[in-house]
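Engineer: Predicted coordinates and the sequence they were generated for:
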Amino acid sequence: MTEPLHGNLPNLLVVEDEKNTRDGLRRALEDKFEIYVASDFNSALNVLESEQIDVLLTDLRLSGGADGMELLAKVQSLPHQPVCVLMTAYGSVDVAVEAMKRGAYDYVTKPLNLDKLELLLLRAWRSRQVEAENVQLRQELDKKYGMEKLIGNSEPMQKVFDLVQQVANSTATIMIEGESGTGKELVAQALHNLSSRKANPFVIVHCAALSPQLLESELFGHEKGAFTGANTRRIGRFEEANHGTIFLDEIGEIDAATQVKLLRVLGERTIQRVGNNQTIPVDVRVITATNKNLENLVKEGKFREDLFFRLNVVPIHLPPLRERTEDVPLLADAFIKEFSRQNHKKVTGLTADAQEVLLRYGWPGNVRELRTAMEYGVTLARGERIGLKDLPERVLGSKSDLSPASLSSRSDLNLEKMEKLFIEQALKVCGGNRTEAAQKLGISRRTLHRKLLQYRMEEA
């Protein structure tokens, strides 16, 4: 084997048992490729396993018993598969077809035309480059368009994004937890879009919207005459989602009988339509969502513990918007663009005072409420920016995060956090003037300074 003669060139392995031909090919091609050579099957395999070869040029007939076709087959199991061109003195249509079937890019016949061979090898290498670039582009597009509706630069959301990408292609059941309006359905859709099931159905079932009897029929289907009003056979949502994903929203609302049947589906991967004992196999990835604490429901005997553990293999917690307020401007901007397009308006953003109000508001309705507020703002805006007069009264009514309505929606506050929050808001209102802030808080400037040190807010 020769060492590569040039940098930044594709690696070419020439496998030829005739030394003169082998050396001639090395000299003819070394200006365009970094050349490796081998004289037989075993030495070629050693090179392929130790070096990252981009293009393989091999003779059909090799010494040592094995031939170029066998080497071609071996290449298919390598982590980095080179593009292969076959040389033969016995050129025929049959050889060409067989070589193509086994993964060869092309074949050439001896005696070789070196100029044409060089062009063929370069074309083969470039085709592999394009193929690799297309794979990378598809992966990037899958990543981009799998989560394009999930917006956020905050640390809590980055953790969500990382977890979604990590588990999307697994077979594990996933439970998405979070308050109403945090975007649980968008996360479920992203998990499906980033999975190998993305070409198959994504089926949504809102469990809380249906009575127990209707929910059972909705999930598993029913036969004609199974119950009053069942005038025709109905295919259930699990059958509809076969080979895809089913998203069971508000899973904490399902009744005890349906819980038992769902547990059986998860264990056996089969369903039975209402009114029929025949089992039907289904291949479905299950994602659930809840805005309730299911562990508490388990303790209260309202939700089966065994079903909870089946569903909660991978939990994903979506933070409320009040815990990621740095994402509010990003979300608001995305919604403004969306509704501007829909309404054929040129609203480009928020005024500074309007954005300040959005940042102060507690958002008890989370992202859903912000989206509605931006639709309202775009609809009312007369200029290019949404101002205070264009915001809903509900949002304007909360001058800051310190309003009783906002504080009552904060489940994460204790006395220390509330004191810190009051200090932050007072400094913000006073433009950072500590003397004025202390007066508003009813404390001395020295006490304020001590509190800033205590809460590590010296730069506030």
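Structural biologist: Nice, thanks for sending it over.
Engineer: ranges for the helices of the stretch 351-460 of the chain?
Structural biologist: Taking DSSP state H, counting those that start in this stretch as the criterion, the stretch 351-460 of the chain carries its helices at 352-360, 366-380, 393-396, 404-408, 415-429, 434-441, 445-454.
Engineer: Comparing those helices, which comes out most buried?
Structural biologist: Stretch with highest mean neighbour count among the helices of the stretch 351-460 of the chain: helix 366-380 (a mean of 20; mean count of other CB atoms under 10 Å). In short, each C-beta sits where N, CA and C put it, glycine included.
Engineer: who touches that one?
Structural biologist: 179-183, 320-321, 328, 331-332, 335-336, 339-340, 343, 345, 347, 350, 354, 358, 363, 365, 386, 389-392, 395 (CB atoms under 8 Å, 6 or more residues apart in numbering).
Engineer: Report the distance from it to the chain centre.
Structural biologist: 26 Å (CA atoms, centre = their mean, to the nearest Å).
Engineer: rewinding a little: quick check on the contacts of helix 366-380: which are buried?
Structural biologist: 179, 181-183, 320-321, 328, 331-332, 335-336, 339-340, 347, 350, 354, 358, 363, 365, 386, 390-391, 395 (16 or more other CB atoms under 10 Å).
Engineer: looking at the helices of the stretch 351-460 of the chain, which one has the lowest mean pLDDT?
Structural biologist: Least confident of those, judged by mean pLDDT, is helix 404-408 with a mean of 48.
Engineer: so Val286, which of the three states?
Structural biologist: Put simply, Val286 is strand when judged by DSSP: H, G, I helix; E, B strand; the rest coil.
Engineer: doesn't Ala426 make contact with Lys440?
Structural biologist: Yes. If you go by CB atoms under 8 Å, Lys440 and Ala426 touch, sitting 5.0 Å apart.
Engineer: Start and end of stretch 46-55, how far apart?
Structural biologist: The separation between the terminal residues of stretch 46-55, taken as CA to CA, to the nearest Å, is 15 Å.
Engineer: which residue sits closest to Leu72, ignoring its sequence neighbours?
Structural biologist: Spatial nearest neighbour of Leu72, chain neighbours left out: Arg102 (4.8 Å); criterion: CB to CB, 6 or more residues apart in numbering.
Engineer: Then Ala241?
Structural biologist: Ala241 sits nearest to Val203 (CB to CB, 6+ apart), 4.0 Å away.
Engineer: How about the helix or strand that neighbour falls within, which residues are buried there?
Structural biologist: Secondary structure assignment for Val203, by DSSP states H and E: strand 202-206. Within strand 202-206, the residues scored as buried using 16+ other CB under 10 Å are Phe202, Val203, Ile204, Val205.
Engineer: Quick check: which ranges of the stretch 251-400 of the chain have low pLDDT?
Structural biologist: 398-400 (pLDDT under 70).
Engineer: quick one, phi psi at Asn231?
Structural biologist: The phi/psi pair for Asn231 (degrees, to the nearest 10) reads phi -90, psi -20.
Engineer: where does the closest residue to it other than its chain neighbours land in three-state SS?
Structural biologist: Spatially, and ignoring its direct neighbours in sequence, Asn231 is nearest to Lys224 (6.6 Å; CB to CB, 6+ apart). Under three-state DSSP, Lys224 falls in the coil class.
Engineer: doesn't Ala230 make contact with Lys224?
Structural biologist: Yes. Using CB under 8 Å, Lys224 is in contact with Ala230, at 6.1 Å.
Engineer: Of those two, which one has the most company?
Structural biologist: Counted by other CB atoms under 10 Å, Lys224 and Ala230 do not tie: Ala230 has more neighbours, with 15 against 10.
Engineer: pretty sure that one is in a strand, no?
Structural biologist: No. Counting by three-state DSSP, one finds Ala230 to be coil, located in no strand.
Engineer: That one and Pro201, how far apart?
Structural biologist: As judged by CB to CB, to the nearest Å, Ala230 and Pro201 stand 23 Å apart.
Engineer: Now the strand holding Val203: average pLDDT?
Structural biologist: 95.
Engineer: Just the buried positions in the helix or strand that comes right after it, please.
Structural biologist: For strand 202-206, the succeeding helix or strand toward the C-terminus, using DSSP H and E, is helix 212-220. If you call a residue buried by 16+ other CB under 10 Å, then helix 212-220 has these buried ones: Gln213, Leu215, Glu216, Ser217, Glu218, Leu219, Phe220.
Engineer: and Met87, how far is that from Arg264?
Structural biologist: 61 Å.
Engineer: More neighbours: these two, which one.
Structural biologist: Met87 (22 against 15).
Engineer: can you confirm the more buried one is in a helix?
Structural biologist: No. Secondary structure of Met87 (three-state DSSP): strand, not part of a helix.
Engineer: coming back round to it: name the residues contacting each of Lys224 and Ala230.
Structural biologist: With CB under 8 Å, 6+ apart, Lys224 and Ala230 have common neighbours Gly275.
Engineer: Surely Leu120 is in a helix?
Structural biologist: Yes. Counting by three-state DSSP, Leu120 is located in a helix.
Engineer: Surely it touches Val85?
Structural biologist: Yes. Counting by CB under 8 Å, Val85 is a contact partner of Leu120 at 6.4 Å.
Engineer: Find the residues that touch each one of the two.
Structural biologist: Asp106, Val108.
Engineer: Number of residues surrounding Asp31?
Structural biologist: Neighbours of Asp31 using other CB under 10 Å come to 11.
Engineer: Quick check: phi and psi on it?
Structural biologist: Torsion angles, degrees, to the nearest 10, at Asp31: phi -70, psi -20.
Engineer: Strands along the stretch 51-200 of the chain, start to end?
Structural biologist: Assigned by DSSP state E, counting those that start in this stretch, the stretch 51-200 of the chain shows strands spanning 55-59, 83-88, 106-109, 174-177.
Engineer: Low-confidence ranges, the stretch 101-250 of the chain, go.
Structural biologist: Scanning the stretch 101-250 of the chain residue by residue, the ranges that satisfy pLDDT under 70 are 131, 133-148.
Engineer: Which parts of it are helices?
Structural biologist: Counting by DSSP H, counting those that start in this stretch, the helices of the stretch 101-250 of the chain are 114-146, 155-167, 184-193, 212-220, 237-240.
Engineer: how about a markdown table for those helices, with distance to Gln272 added?
Structural biologist: Output for the helices of the stretch 101-250 of the chain, formatted as a markdown table (distance: least, CB to CB, whole Å):
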| stretch | distance to Gln272 |
| --- | --- |
| helix 114-146 | 34 |
| helix 155-167 | 30 |
| helix 184-193 | 25 |
| helix 212-220 | 6 |
| helix 237-240 | 10 |
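Engineer: Tell me which of those sits most buried.
Structural biologist: helix 184-193 (a mean of 22).
Engineer: Run the chain-centre distance for it.
Structural biologist: For helix 184-193, the distance to the chain centre is 8 Å (CA atoms, centre = their mean).
Engineer: what's in contact with stretch 332-346?
Structural biologist: 151, 347-350, 355, 358, 370-371, 374-375, 377-379, 381, 384, 386.
Engineer: again, only this time at 10 Å
Structural biologist: 148-149, 151, 347-350, 354-355, 358-359, 367, 370-379, 381-386 (CB atoms under 10 Å, 6 or more residues apart in numbering).
Engineer: Who are the contact partners of the residue nearest to Asn231?
Structural biologist: Ala230, Asn231, Thr232, Arg233, Arg234, Gly275.
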